[in-house]
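Asks: How does the following fold in three dimensions:
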Amino acid sequence: MANEKQQCCEKFKTMIGGQALIEGIMMRGPDKDAIVVRRPDGLSIETSPRKKNPPKSCKNLPFIRGIFNFFDSQVVGIKALLHSADLAPEEMQEEPSKFDLWLEKKLGNEKFQQAVVGIAVAMGLGLSIVLFFLLPMVIGGFFDRWLESNLALNLVEGIIRMVIFLAYMFLISRMQEMKRVFSYHGAEHKTIRCYEAGLPLTVENVRMQTRLHPRCGTSFLLVVMVISILVFSVASSALLAAVPGLEALRGTFGYRLLMIAFKLLLLPIVVGITYEINRWAGRHDNGFTKILTAPGMWLQNFTTNEPDDSMIEVGIAAVEAVLPEQEGADRW
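Replies: Below is the predicted model of the structure:
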């Protein structure tokens, strides 16, 4: 009931959003980004603002912008996470490996940092693709000998994908190391809720907000899972109809390999479509959008925790650091 009351207080929707870090928050506004981290002394807050470069016109095109924003957020997010890790207390930091020291010596500090970001982004995307897409496709492929319907096969893959995703989210939410990160995630949401309600950004006002937000990245990932079922079903059916004799190969290793490669190529399309759906849902308030965002809101019960006042202070500093000079320029 409290959550519903707070949602009714929303006066406008902002495009400002962020990501939880190690003892901090990375916030992104229309004109600038900011990394705000509580320093190891527990008293001071460090704010690192960065002015954003205006995107090229082609990157504002529908569907294209979703793909661009997804990869851009991965790169910016990894950079912010590494920055927050550098400021973390010494007991939380890991000693650099011999390979890290050798690579830094060979490339220099700046190129080393770029290489680390590139490797981290590639590993993160690779792990996500393997865990949430490749693995369900491989498991689902064993059912094609019993399922003649292409739609049924893609539905089975989708269910497997969803089960793996939900299990993954549940397990990481149980990890002790992630609980504080998820509390900062809650602080990010509560601060944005307070800002969208038109209330002064004070600890007291932020504390009373709900930690759930319909325009969260967690919700985006969940919608990706659902949209992938539809896109994969339609596209694979079209491929079977367009290529004579392909249907006769069902159940063979070559057929499974071809369909896996084909669906992996469709992932950017899935991301682009999902972005446009989330963008539309984020701008409208009606019964349909509430149903559409409800699963993602429920999932945030695992990926957000209630923050303490020190975390809320970081959230407030992060939002204030990216507010546009022109009032209303951040309206979604």
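Asks: When you work out contacts or count neighbours from here on, use the C-alpha atoms and nothing else.
Replies: Fine.
Asks: which residue ranges form the helices in the stretch 101-250 of the chain?
Replies: Using DSSP state H, counting those that start in this stretch, the helices found in the stretch 101-250 of the chain span residues 109-129, 135-141, 150-173, 176-196, 203-207, 217-242.
Asks: Identify each buried residue in the second one, please.
Replies: Using 16 or more other CA atoms under 10 Å as the burial criterion, the residues of helix 135-141 that qualify are Leu135, Pro136, Met137, Gly140, Gly141.
Asks: returning to that earlier point: tell me which of the helices of the stretch 101-250 of the chain is the most buried.
Replies: helix 176-196 (a mean of 24; mean count of other CA atoms under 10 Å).
Asks: quick one, that one and helix 150-173 angle?
Replies: Here helix 176-196 runs at an angle of 100 degrees relative to helix 150-173 (axes from the mean of the first three to the mean of the last three CA atoms, to 10 degrees).
Asks: contacts for helix 176-196?
Replies: If you take CA atoms under 8 Å, 6 or more residues apart in numbering as the criterion, helix 176-196 is touched by 10-14, 16-25, 172-173, 200-201, 205-207, 209-213, 303-308, 311-312, 314-316, 319.
Asks: Now a PyMOL select for only the buried ones of the residues you listed.
Replies: Selection of buried members from the contacts of helix 176-196 for PyMOL, criterion 16+ other CA under 10 Å:
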select buried, resi 13+14+16+17+18+19+20+21+22+23+24+25+173+201+205+206+207+209+210+211+212+213+303+304+305+306+307+311+312+314+315+316+319
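Asks: Kindly provide the distance from the spatially most central residue of the chain to Leu171.
Replies: The centroid of the chain falls nearest to Gly217 when counting by CA atoms, centre = their mean (3.7 Å). In this view, Gly217 and Leu171 are 18 Å apart by CA to CA, to the nearest Å.
Asks: Thr274 too?
Replies: Using CA to CA, one obtains 25 Å as the distance from Thr274 to Leu171.
Asks: likewise Val163?
Replies: Between Val163 and Leu171 the computed distance is 12 Å (CA to CA).
Asks: same thing with Glu313?
Replies: 28 Å.
Asks: could you point out which element follows the helix or strand bottoming out on mean pLDDT in the chain?
Replies: Counting by mean pLDDT, DSSP states H and E, the chain has its least confident helix or strand at helix 2-8, which shows a mean of 44. Going down the chain from helix 2-8, the next helix or strand is strand 17-21, by DSSP states H and E.
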